[in-house]
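Student: Quick one, structure for this:
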Amino acid sequence: MPEPLNLKLNLNAKVPMSTRGSQGLLQWLGVAALTLLLDQFTKLLILMNYNYGQATYVTDWLNIVRVHNRGAAFSFLANADGWQRWFFIVLGVVAVLFMVYLLLSHAGQRLFCFALALLMGGAVGNVLDRLIHGYVVDMIDFHIGRWHFPAFNLADSALTLGVVFLLIDELRRVRRTR
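Tutor: Predicted structure coming up:
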């Protein structure tokens, strides 16, 4: 009888040489692809079931809403003349290519690569939105009373988690060198 599949991901483990380079890249591209698929699936659900601006109350501090962001984080440059769409697409593509290079050159650093995979999946998710729709579909609306945090999506969450993991990885690296 075959042994059960162990799905634990140890982000602290050293990676053997056989999983470095292009072989290790596939693992991280898989994480990025899963992130992308989840992001696009949730956006598709919103686009199919909500009209622009429509919201569903979930709790006293959370709504599901359909909004469109033509800018970057916190709607930065959202009111520009349209050039920002192509700027953010090019920026996203360049960033993803750089992350692939980093994944190839740092394949043994699991937490670093996991963070990059989340960043890649989130970046591609928002780039696809810009290419297909001309805007990014956002749907998560946290609020306290009448104050609302800018709506966001799963790609944005992956980007945020990726940055957090990069910071943790760097803090751990600095602590090890002391």
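Student: Enumerate the beta-bridge partners assigned to residue 63.
Tutor: residue 57, residue 141 (DSSP bridges).
Student: How about the contacts made by it?
Tutor: 55-57, 141, 143 (Cβ atoms under 8 Å, 6 or more residues apart in numbering). (C-beta placed from N, C-alpha, C; glycine too.)
Student: Can you tell me which of the residues you listed are buried?
Tutor: residue 141 (16 or more other Cβ atoms under 10 Å).
Student: Dead centre of the protein: give me the residue that sits there.
Tutor: residue 122 (2.4 Å; Cα atoms, centre = their mean).
Student: In three-state terms, label that residue for me.
Tutor: Put simply, residue 122 is helix when judged by DSSP: H, G, I helix; E, B strand; the rest coil.
Student: let's have the chain start at 676 instead
Tutor: Got it, first residue is 676 now, which makes that one residue 797.
Student: pretty sure it is in contact with residue 827, am I right?
Tutor: No: in this structure residue 797 lies outside contact range of residue 827 using Cβ atoms under 8 Å: 10.3 Å.
Student: coming back round to it: need the per-residue pLDDT for the residue nearest to the centre of the chain.
Tutor: Looking at residue 797, its pLDDT reads 95.
Student: re earlier: which of the contacts of residue 738 sit farthest apart?
Tutor: Distances among these were taken as Cβ to Cβ; the most separated pair is 731 and 818, at 13.2 Å.
Student: now stretch 828-839, how far from the chain's geometric center?
Tutor: How far stretch 828-839 lies from its chain's middle: 4 Å, per Cα atoms, centre = their mean, to the nearest Å.
Student: Now that stretch: average pLDDT?
Tutor: Averaged over stretch 828-839, pLDDT sits at 96.
Student: and stretch 839-853, which residues are buried?
Tutor: Neighbour-count burial for stretch 839-853 [16+ other Cβ under 10 Å]: 840-841, 844.
Student: What lies in contact with that stretch?
Tutor: 784, 786-787, 789-791, 793-794.
Student: Only alpha carbons, please: show it as PDB.
Tutor: The C-alpha trace of stretch 839-853 is given here as PDB (Å, rounded to 0.1, in the frame of the first residue of the first chain):
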ATOM      1  CA  VAL A 839       5.400  40.400   4.500                       C
ATOM      2  CA  PHE A 840       7.200  37.100   3.800                       C
ATOM      3  CA  LEU A 841      10.000  39.000   2.100                       C
ATOM      4  CA  LEU A 842      10.400  41.200   5.100                       C
ATOM      5  CA  ILE A 843      10.400  38.200   7.500                       C
ATOM      6  CA  ASP A 844      12.900  36.400   5.300                       C
ATOM      7  CA  GLU A 845      15.200  39.500   5.300                       C
ATOM      8  CA  LEU A 846      14.900  39.900   9.100                       C
ATOM      9  CA  ARG A 847      15.800  36.200   9.600                       C
ATOM     10  CA  ARG A 848      18.800  36.600   7.200                       C
ATOM     11  CA  VAL A 849      20.000  39.700   9.100                       C
ATOM     12  CA  ARG A 850      19.600  37.900  12.400                       C
ATOM     13  CA  ARG A 851      21.600  34.900  11.200                       C
ATOM     14  CA  THR A 852      24.500  37.000  10.100                       C
ATOM     15  CA  ARG A 853      24.900  38.700  13.500                       C
END
